[in-house]
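Visitor: Based on what follows, work out the 3D shape:
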Amino acid sequence: LIKLMQLRGYAFNRSADFETVRQIKEKLCFVSCDLNIERKLANETTVLVKSYELPDGRVIKVGQERFSAPEALFQPGLVDVESEGIAEAVFNVIQSADMDLRSEFYKHIVLSGGTTMYPGLPSRMEREIKDLYLEKVLKGAKENLKRFKLKIEDPPRRKHMVFLGGSVLADIMKDKPDFWISKEMYDEAGVQACLAKLGPSS
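Guide: Prediction:
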């Protein structure tokens, strides 16, 4: 988003303005359901342009940057990263699992973390995974798609879900010393000994 705002003519510093840009991202950005339509709207109208007041009182305009920044999640090539997008990554992981488990995995995709809070992300994920399934599994047989069960869960508290889960687990295990690694043990024995205590890495 910083790079996109710089292209618009705003002078943002990657370190000094990181927090400001993060707030802009959280308040204004969204994942487009149809990228071509959003680009057409951005180029031909001002309907997507929003104003944002910076801490110093200046007001900036944010337009197509609102959906262009999150688009990198689905098209990492936009930011020069050679990788699959998140929808394709999820699809590939599920398809690499045992065949008997795949249908259950598709019905229990849970979004977690701050980046998943973008409006429009769950529906875009659902659409892209369905498209991939239709293309790569059903080989284009649309009549069989109705039997494909897909559910993307987006709990409202997912922004802090990992922390909440870790807190619950830590509370459950607080009276089990074998579960914990002390700082003294880490300092004395090192990383490998600590990992060995946690059990086999496989």
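Visitor: residue ranges of the helices in this structure, please?
Guide: Secondary structure of the chain (DSSP state H): helices at 2-8, 18-28, 35-44, 65-68, 86-95, 99-106, 121-136, 161-172, 183-189, 191-198.
Visitor: what residues does the last one touch?
Guide: Going back to what we said before, that points to helix 191-198. Helix 191-198 has contacts (C-beta atoms under 8 Å, 6 or more residues apart in numbering) with 178, 181, 185, 186, 201. All C-beta spots, glycine's among them, are computed from the backbone N, C-alpha and C.
Visitor: can I get the residues you listed in a markdown table with pLDDT?
Guide: Converted to a markdown table, the contacts of helix 191-198 look like this (pLDDT from 0 to 100):
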| residue | pLDDT |
| --- | --- |
| 178 | 80 |
| 181 | 82 |
| 185 | 84 |
| 186 | 85 |
| 201 | 50 |
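Visitor: which of those residues lies closest to residue 135?
Guide: residue 201 (35.3 Å; C-beta to C-beta).
Visitor: Run a quick neighbour tally on residue 119.
Guide: Per other C-beta atoms under 10 Å, the neighbour tally for residue 119 reads 10.
Visitor: Setting aside sequence neighbours, what's the nearest residue to it?
Guide: residue 30 (4.3 Å; C-beta to C-beta, 6 or more residues apart in numbering).
Visitor: thinking the one you found is in contact with residue 118, fair?
Guide: Yes - Residue 30 is in contact with residue 118 according to C-beta atoms under 8 Å; the separation is 5.7 Å.
Visitor: Of those two, which one has the most company?
Guide: Counting neighbours by other C-beta under 10 Å for residue 30 and for residue 118 shows that residue 118 has the greater number, 21 against 16.
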